[in-house]
Structures are given as structure tokens and as C-alpha cells.
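Asker: Give me the fold of what follows.
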Amino acid sequence: MLAACFVLFFAMVAAALLSGLSVAWALLGGLILFWLLGLRQGFSSRALWEMAWNKCRKSLIVVTVIALIGVITGLWRLSGTIAYCIVRGVELVTPRLFLVVGFLLCAALSYVLGTSYGVSSTMGVILMALARSGGVDPTVTAGVILSGVYFGDRCSPASSAASLVAAVTETDLYRNVRQMLRTGLLPTLLTLALYTLLSFRHPITGLDEAVLSALTEHFSMSWLSLLPAVVMFVLPLCKVPIKLAMGASIAAAAVLAVAVQGFSLGDLVRCAWSGYHPQDGELAAVLSGGGVTSMASSYVIVLLTGLYSGILEGTGSLRPLSGRAEALAERIGRFPAMIAVSVICAAVLCNQAVTSMMGEQLLGRVYTSREELAMDIENSGIMLAGLIPWSIACSIPLAMLGADARALPYAALLWLTPVCYWLTKRHFYPVSQTGEEG
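Answerer: Now for the predicted structure:
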């Protein structure tokens, strides 16, 4: 019966992908399936709800953070913060360092924003426009951008993925971030070296000034526009709680939008809720988006995955799968097993949230260190999901950039991170402490 439910669930995921529907509909179908399975196993509806809610409530902090990210990405557009970052950032571009600078700009902005989608739809779009107008291979550029946006998606304190991993592994977010920066240093340096070589092979030959002109005409390019980004970057480093840091950034952006950019309070509220949607065509192509409602699909996915994974865990439905995953870990090691589990989950369930939760559920018991578990999830599923073409972690950013799967080999950070971590993990988690054998 369990196998039939999983087959049907996977079929619903495939149908949703093929039809263009949100994967949330498949997850809702999965929730219904596993609820009915629990009833058939003899559990009451009340017991099933308690199981589901016990897991789901851990995800509420993630939903809150996602909502705040929506407000931030909306108000940063209105306050001129993103416009300023784009205009001043592009000024740093030199012909033979275009790809390196593009990666660094995307990495820095994604670390501050903590979102791959937000950076792909802003800085990523600008860089793609510059690449196309300047004779740089857009396929290579898209891969570089994908690496940059996932730098912050993996290790930013503002990242919903990082918050989710901390929640499901019951670890400290800031401690995880510090460890992610340590384990990410080598692959980041190797990525920079590769992009330096590619930059000399793909120099930019010219710049399209139309979009930049539109930005400077519609926004005041005051250095004060950087304040919301500075607040968001500095406060977490000072160990200020992430929600307070986000609130401070939102407040700074709101003041700038009204006092410097000249928008009304009504514009402020509308932008925070439904995002920024300028009438100007040039601006709309670059800056449209943000707001609480823009993250609606993310809220639903996180909550649904929390609900049905709680049922699967509470009813013991995952025990047979967990046993197989644990046996695999015994044979090949914890991290290789986490890679295998993550690839399968990301390929079938098509999003990072489910991959993170399933990784913890299927392999959590083989770890003596919860921090090691968190790092193994971050350095496998969170990155590898961005390399699966039909996963929303990959397909949505590529769609924003107007690119396709041919860009994936150039997304070096996504595949270098698990490879480098695999080769150097003993340095971070010695065998004497963790018992890792593979």
C-alpha cells in the first residue's frame, strides 16, 4: 500500500511538471494520500493532525522569514536599493573580467537577500542583457549567474533554505552560516579561478546603456540607497536576530522610498504586499516583482511538505526507506548517502524544502552530530537541486534568465561544493569525532 501511494504521489509530481501546474498541487495530493494511508493503518484523524502539525509548526519560522523576504525584495525596489546596486555594480565591469565581476555581484547580492529568485530576476537579468549586447556567450553567463545566486541561497542568514535546514536539524542558524562559509571557501576560490579563465575567453565588447539610463532617470542614485542592504548585511554579523535585522532593513527601505525616491505611503503598502510593477517598459523588465504575494507558492510548499512529512514520520511509513538509506550510509559513508538521497528527492519532488526534510528524516539517525547533519544537507541537496533541470530550484532561475540546461555545466559552484566538501570533510569533522568511514 505504501509503495502504491509513493508511485501515485510521484506520478502526480510528474503530471504537475508536464502540465505546467505548481508542484504545490502534487504536494496537496500527497498530503491527502498519506492521510488516507494513515487512516488505513488505524490512526485517528486527530492523531494524524497532531503528527502533521508537530512537524509543520517547525516550518512556521521559515514562512515568516519568506514573507519578510517578500517585503524586502519589494521595498528594496521602491527605495532604489536594487537600482543603485545594479548601476554602481555595472560600473565595476571591465571587458576581460565581466564574468568574474558578474559572479561576485550576484554572490554579494544573494548573500544580502538570501534568495536565488530575487537576484536572478534583478542583477541576473541586467547581466544577461549586458552579455547579449556585449558579445558574451549567454549560456556561459547564465551558468555564472546561477553559481552566484546560489552562493547566498546556501549560506545567507536571510536564506529560507538555510533557515529550513536549521529548523529541521534543530541547529543554530548563525553557527551553521559560519560553518557553511568555512566549507564553502575552497569551492568558491576554485569557481573564481575558473571564471577568471572563462572571462578572458569571453570578454565583453560593449554595453547596452538603455536599461541603465532608465534606472538613473527614475531613481535617485544617492549612496543612502545602500542603507537597507548595509543594515541587512551588518546586523546579522553582529548576531542580531534575523527577523529584527529584516525589520530594520524594511524600515530603512520604507523611509528611503518616501523621503528620497518620492513615493507615497500608499505606494509603500502596495509594494510591500504585491511588489513593484513600474509602467516604464525598461524598468518593468528588470525591476518588477517582490512583495508578500510573490512568495505565495513558497508558503504553500513549505507548509504542505511539513504536514505530509509529519504524517509519514509519525506513522512510521518512512522506516523501511530510512532503513535502506541508513544501510547505504553504512556501506559508502554518510555524505555520499546524503548525496544519493538528495538527488533522488530533488529529482522526484523538485524542490529544496522537501529534499532538506527528507534528508533529515531518512538519514538523521545515523548522525551523532546535528551540525554535521546540517552541513551535509546544505552541501548536497541545497546545491544539487539547482542542477536538476526540471526542479523549480533550477528551472525558475533559468527561465528568468532566458537560458536553458546548457548553462548548468558552467554553474561551477553548484557541483564544486559537494565535490570539495566530500574530499575535505574529514578536516571539518574528523573520523575520531564522527566515525565517518566513507
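Asker: what bits of the stretch 101-250 of the chain have low per-residue confidence?
Answerer: 121, 133, 206-208, 237 (pLDDT under 70).
Asker: That one: strands as residue ranges?
Answerer: Applying DSSP state E, counting those that start in this stretch to the stretch 101-250 of the chain gives no strands.
Asker: number of nearby residues for Ala407?
Answerer: By other Cβ atoms under 10 Å, 24 other residues sit near Ala407. Just so you know, the C-beta spots here come from the backbone N, C-alpha and C atoms, and that holds for glycine as well.
Asker: Doesn't it belong to a helix?
Answerer: Yes - according to DSSP: H, G, I helix; E, B strand; the rest coil, Ala407 belongs to a helix.
Asker: Report the contact partners of it.
Answerer: 139-140, 142-143, 146, 398, 401 (Cβ atoms under 8 Å, 6 or more residues apart in numbering).
Asker: biggest separation within those, which pair?
Answerer: Val140 and Leu398 (13.4 Å; Cβ to Cβ).
Asker: How about stretch 262-273, which residues are buried there?
Answerer: 263, 268, 270-272 (16 or more other Cβ atoms under 10 Å).
Asker: scratch that, stretch 219-234 is what I was asking about
Answerer: 219, 224-229, 231-233.
Asker: Which members of these occur in helices, if any?
Answerer: 227-229, 231-233 (DSSP state H).
Asker: and which of those is nearest to Arg175?
Answerer: Distances from Arg175 to those, taken by Cβ to Cβ, are shortest for Phe233, at 18.6 Å.
Asker: dump the residue contacts of that closest one.
Answerer: Counted by Cβ under 8 Å, 6+ apart, Phe233 has contacts 111-112.
Asker: 7 Å - rerun?
Answerer: Phe233 makes contact with Val112, according to Cβ atoms under 7 Å, 6 or more residues apart in numbering.
Asker: In the stretch 1-150 of the chain, mark out all the helices, start to finish.
Answerer: 2-19, 23-40, 45-56, 60-79, 81-90, 98-113, 116-119, 125-134, 138-155 (DSSP state H, counting those that start in this stretch).
Asker: Compute the mean per-residue pLDDT across the fifth one, please.
Answerer: The reference is to helix 81-90. Average pLDDT, helix 81-90: 77.
Asker: Could you number the chain from 644 rather than 1 from now on?
Answerer: Noted, 644 is the first residue going forward, which turns the last one into helix 724-733.
Asker: got the contact list for the residue nearest the centre of the chain?
Answerer: Among the residues of the chain, the one closest to the centroid is Asp796, at 3.9 Å (Cα atoms, centre = their mean). Neighbouring residues of Asp796 by Cβ under 7 Å, 6+ apart: 753, 757-759, 802, 804.
Asker: Mind doing that once more with 8 Å?
Answerer: Counting by Cβ under 8 Å, 6+ apart, Asp796 has contacts 753, 757-759, 802, 804, 1025, 1029.
Asker: ok, now Gly713?
Answerer: 918, 933-938.
Asker: which one of these is nearest Val730?
Answerer: When these are compared against Val730 (criterion: Cβ to Cβ), the nearest one is Gly933, at 18.2 Å.
Asker: And Arg818, how close does it get to Gly1007?
Answerer: Distance of Arg818 to Gly1007, given as Cβ to Cβ, to the nearest Å: 18 Å.
Asker: These two: who's more crowded?
Answerer: Counting neighbours by other Cβ under 10 Å for Arg818 and for Gly1007 shows that Gly1007 has the greater number, 18 against 12.
Asker: mind checking how far the nearest residue in space to the more buried one that is not next to it in sequence is from Ala836?
Answerer: Residue nearest to Gly1007 in three dimensions, not counting chain neighbours: Leu1016, with 6.2 Å by Cβ to Cβ, 6 or more residues apart in numbering. According to Cβ to Cβ, Leu1016 and Ala836 sit 30 Å apart.
Asker: higher neighbour count, the two?
Answerer: Leu1016 (24 against 12).
Asker: unless I'm mixing things up, the more buried one is touching Tyr1010, no?
Answerer: Yes - using Cβ atoms under 8 Å, Leu1016 is in contact with Tyr1010, at 4.2 Å.
Asker: And Gly959, its phi and psi?
Answerer: phi 80, psi 10 (degrees, to the nearest 10).
Asker: Could you count how many residues lie near it?
Answerer: Using other Cβ under 10 Å, Gly959 has 11 neighbouring residues.
Asker: One more: Thr737?
Answerer: 11.
Asker: Can you tell me how far it is from Ser868?
Answerer: For Thr737 relative to Ser868 (Cβ to Cβ), the value is 24 Å.
Asker: And Leu670, by the same measure?
Answerer: As judged by Cβ to Cβ, Leu670 and Ser868 stand 39 Å apart.
Asker: what comes up buried for stretch 930-938?
Answerer: 930-935, 937-938.
Asker: least confident pick among the residues you listed?
Answerer: Out of those, that is Met938, at 75.
Asker: who's in contact with that one?
Answerer: 709-710, 712-713.
Asker: 6 Å instead, please
Answerer: Residues counted as contacts of Met938 (Cβ atoms under 6 Å, 6 or more residues apart in numbering) are 709, 713.
Asker: and stretch 970-982, how far apart are its ends?
Answerer: End-to-end distance of stretch 970-982 (Cα to Cα, to the nearest Å): 14 Å.
Asker: centre of the chain versus that stretch, how much separation?
Answerer: 25 Å (Cα atoms, centre = their mean, to the nearest Å).
Asker: May I see the buried residues of that stretch?
Answerer: Neighbour count says stretch 970-982 has 971-972, 976-982 buried, by 16+ other Cβ under 10 Å.
Asker: For the residues you listed, give me JSON lines that also has pLDDT.
Answerer: Listed next are the buried residues of stretch 970-982 as JSON lines, based on pLDDT from 0 to 100:
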{"residue": "Leu971", "pLDDT": "93"}
{"residue": "Ala972", "pLDDT": "93"}
{"residue": "Gly976", "pLDDT": "92"}
{"residue": "Arg977", "pLDDT": "94"}
{"residue": "Phe978", "pLDDT": "95"}
{"residue": "Pro979", "pLDDT": "95"}
{"residue": "Ala980", "pLDDT": "95"}
{"residue": "Met981", "pLDDT": "95"}
{"residue": "Ile982", "pLDDT": "95"}
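Asker: Take those and keep only those in helices.
Answerer: 971-972, 977-982.
Asker: Now Tyr793: closest residue in space that isn't a chain neighbour?
Answerer: In space, Tyr793 is closest to Gly1029, 5.2 Å off (Cβ to Cβ, 6+ apart).
Asker: and that neighbour, helix, strand or coil?
Answerer: Going by three-state DSSP: Gly1029 is helix.
Asker: give the contact list for it.
Answerer: Counted by Cβ under 6 Å, 6+ apart, Gly1029 has contacts 793, 1036-1037, 1057.
Asker: Then Ile893?
Answerer: 714-715, 718.
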